[in-house]
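In: Take a look and give me a structure for this.
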Amino acid sequence: MHAVILAGGRGVRLRPYTTALPKPLVPIGEEYAILDIIMQQLRAQGFTRATLAIGHLGSLIQAFVGDGSRWGISVDYSEEEAPLSTIGPLLNFLDQLPENFLVMNGDVLTDLDYVGLLHHHTQTGAPLTIATYQRQVKIDFGTLETADGRIVRFVEKPTLAYGVSMGVYAMSRKTLAPYPRNVPFGLDELVLDLLAKDEAPAAYDFDGYWLDIGRPDDYDEANREFERLRPLLVPGSVV
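Out: Numbering: from 1, shown residues only. Here you go, the predicted model:
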């Protein structure tokens, strides 16, 4: 099984932590980087190959990961000279990938079953499968609906649930083959194009642990909770 790890972003939202380090290498707990945890998880689930799409501070990622031998995973790299968004980097090495493969952001902490996601994708025959999570959002205001200038509904500070993309996907080479190389191309553009062609992506609903380390608040939360969550996130570890 082959995984592609998207590790080329500049991590702007996570500054100042990402001023000197790429986001996948920011430390979690006292022993790990996010990317280290991801690599351990992939190996524990049976992945043997990984391609890291790198860009910003990519040399640091290469120095940290090397050939992947310490995790038992064969690693190669694809370096983007200019930002290509989420899907764009894959198009430059598509011919090196198997027909179905895993794609994930390099800043995700989760206990998602990556093999289950990939199996679901192949079983459904969907053009793309997105791991999804129900995110609870607390609204700090009273919300209301109006009609004809009158308030018809009012709810004080509700908590709303939204289905969100987890930043983990199962993809097929034939789905991506028609798109041009070396141009920025995002997941949003891919999804909208597939919907326009009546080729709806599949959802893989998940209700375990997931945190996207995108903002300083998220990063601080991950470090606060890490010792409690370590047995869940790091294969073979104990409290």
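
In: From the contact counts, what lies against the longest strand along the chain?
Out: The longest strand of the chain (DSSP state E) is strand 159-172. Applying 3 or more C-beta pairs under 8 Å, 6 or more residues apart in numbering; DSSP states H and E, one finds that strand 159-172 contacts strand 100-105, strand 108-110, helix 114-124, strand 128-138, strand 202-206, strand 210-212. (C-beta placed from N, C-alpha, C; glycine too.)

In: So which bits of the next helix or strand after it are buried?
Out: Past strand 159-172, further along toward the C-terminus, the next helix or strand under DSSP states H and E is helix 173-176. Neighbour-count burial for helix 173-176, counted by 16 or more other C-beta atoms under 10 Å, picks out 175-176.

In: picking up where we left off before, reformat the helices and strands packed on strand 159-172 as CSV; add mean pLDDT.
Out: Listed next are the helices and strands packed on strand 159-172 as CSV, based on pLDDT from 0 to 100:
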stretch, mean pLDDT
strand 100-105, 96
strand 108-110, 92
helix 114-124, 96
strand 128-138, 91
strand 202-206, 95
strand 210-212, 86
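
In: Tabulate these (JSON lines), appending distance to residue 229.
Out: Compiled in JSON lines, the helices and strands packed on strand 159-172 are given as follows (distance: least, C-beta to C-beta, whole Å):
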{"stretch": "strand 100-105", "distance to residue 229": "18"}
{"stretch": "strand 108-110", "distance to residue 229": "8"}
{"stretch": "helix 114-124", "distance to residue 229": "17"}
{"stretch": "strand 128-138", "distance to residue 229": "16"}
{"stretch": "strand 202-206", "distance to residue 229": "16"}
{"stretch": "strand 210-212", "distance to residue 229": "9"}
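
In: For residue 178, find the nearest of those.
Out: Counting by C-beta to C-beta, residue 178 lies closest to strand 128-138 out of those; the figure is 13.1 Å.

In: could you give the angle of the next helix or strand after that closest one to strand 159-172?
Out: Past strand 128-138, further along toward the C-terminus, the next helix or strand under DSSP H and E is strand 142-147. Relative orientation of strand 142-147 and strand 159-172, computed by axes from the mean of the first three to the mean of the last three C-alpha atoms, to 10 degrees: 90 degrees.

In: Determine how far the helix or strand just after strand 142-147 lies from the middle of the whole chain.
Out: Downstream of strand 142-147, the next assigned helix or strand under DSSP H and E is strand 150-156. Centre-to-centre, strand 150-156 and its host chain are 37 Å apart (C-alpha atoms, centre = their mean, to the nearest Å).

In: Which secondary structure elements does strand 150-156 sit against?
Out: Counting contacts by 3+ C-beta pairs under 8 Å, 6+ apart, strand 150-156 packs against strand 142-147.

In: which residues touch the strand it packs on?
Out: When contacts are defined by C-beta atoms under 8 Å, 6 or more residues apart in numbering, strand 142-147 is touched by residues 151-158.

In: partner strands of that strand, parallel or antiparallel?
Out: Strand 142-147 pairs in its sheet with strand 150-156 (antiparallel), by DSSP bridges.

In: okay, the strand it pairs with in CSV with CA atoms only?
Out: Coordinates of each C-alpha in strand 150-156 appear next as CSV, following Å, rounded to 0.1, in the frame of the first residue of the first chain:
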residue,chain,number,x,y,z
ARG,A,150,-40.0,39.7,11.1
ILE,A,151,-37.9,37.4,13.3
VAL,A,152,-39.5,33.9,12.9
ARG,A,153,-36.9,31.9,14.8
PHE,A,154,-34.3,32.6,17.6
VAL,A,155,-31.8,30.3,19.3
GLU,A,156,-29.4,31.6,21.9
